[in-house]
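# kindly return the folded structure for what I paste below:
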Amino acid sequence: MSIVITGDDFTQVPCVAGLPEAVAGEQTSAKGCLCSSFRNTCTYGLHTAQIHGGVMRIQNTRVEKCGQRGVAGKYCLHFHHLRECPDCLFENNSIENSHQRGIIVHGTHLSTVEANILYNVRGAGIYIEDGNEMYNQIKYNINICPFPFNDNTLHGCTVPGTANRIADTSDNQSAFFTRAATNDMIGNRAANSFNGMLLFGEGP
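Here you go, the predicted model:
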């Protein structure tokens, strides 16, 4: 690795009442730390994103202490509504000791996520978000959870309090989570996740 992106130690941020929910019923907000029945603080690390246009390319980089649990959309590496982006690339990166997912592809098509290693990332490792994402290449990535799922304290790499309890908590925590079957998932590997890969179809 030639570049290291690291956050300070995770910070506990007090919640704010009345923020708009990002996903109805999940009690999280993209505007900050939303007070809820189970939350009075959120855990903040760094986050990166390319949003609503342009190109994002991160290669040969170690990213650590990232993700903001309890705040929607704050992830370690994040393609966000870039539409067709064949030049978008996450390649040969290491994501370590982080939470609320590792790599997110959201509303983006034709991107490449290749040869990344995720270690001790709590929640889903690589997450294809909405189900409208098409023709992304997700290949030869490795997601390693250092804790067994039956660990009575850590419960593997599950994490509560995110905007998707299916992908991140003990309901169905997944190394590779997708709602879209129109992407290429090739040669990926997972260790100690509840699901190696979950294609989550939501019917009417």
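# is Ser98 bridged to anything, and to what?
Per DSSP bridges, the residues bridged to Ser98 are Val121.
# settle this for me: it is touching His47, isn't it.
No. Contact criterion Cβ atoms under 8 Å: Ser98 and His47 do not qualify, at 9.7 Å. Every residue, glycine included, has its C-beta placed from N, CA and C.
# same drill for those two, tell me which one is more crowded.
Using other Cβ atoms under 10 Å, the more surrounded residue of Ser98 and His47 is Ser98, with 27 against 20.
# surely Val159 is in contact with Arg122?
Yes. Counting by Cβ under 8 Å, Val159 touches Arg122, with 3.9 Å between them.
# who touches both of these two?
Residues touching both Val159 and Arg122 by Cβ atoms under 8 Å, 6 or more residues apart in numbering: Arg69, His99, Gln100, Asp168.
# residues contacting the residue nearest to the last one when sequence neighbours are not counted?
In space, not counting the residues next to it along the chain, Asp168 is nearest to Gly123; the distance is 3.6 Å by Cβ to Cβ, 6 or more residues apart in numbering. Residues touching Gly123, when contacts are defined by Cβ under 8 Å, 6+ apart, comprise 67, 69, 99-102, 157-159, 162, 167-168, 173.
# for the protein, what spans make up the helices?
Here the chain has its helices, by DSSP state H, at 165-168.
# so where is it shaky, pLDDT-wise?
Within the chain, the ranges that satisfy pLDDT under 70 run 1-2, 202-204.
# start and end of stretch 45-62, how far apart?
By Cα to Cα, to the nearest Å, the extent of stretch 45-62 from end to end equals 15 Å.
# if you could redo that for stretch 93-107, that was the one I meant.
This stretch, stretch 93-107, spans 22 Å end to end (Cα to Cα).
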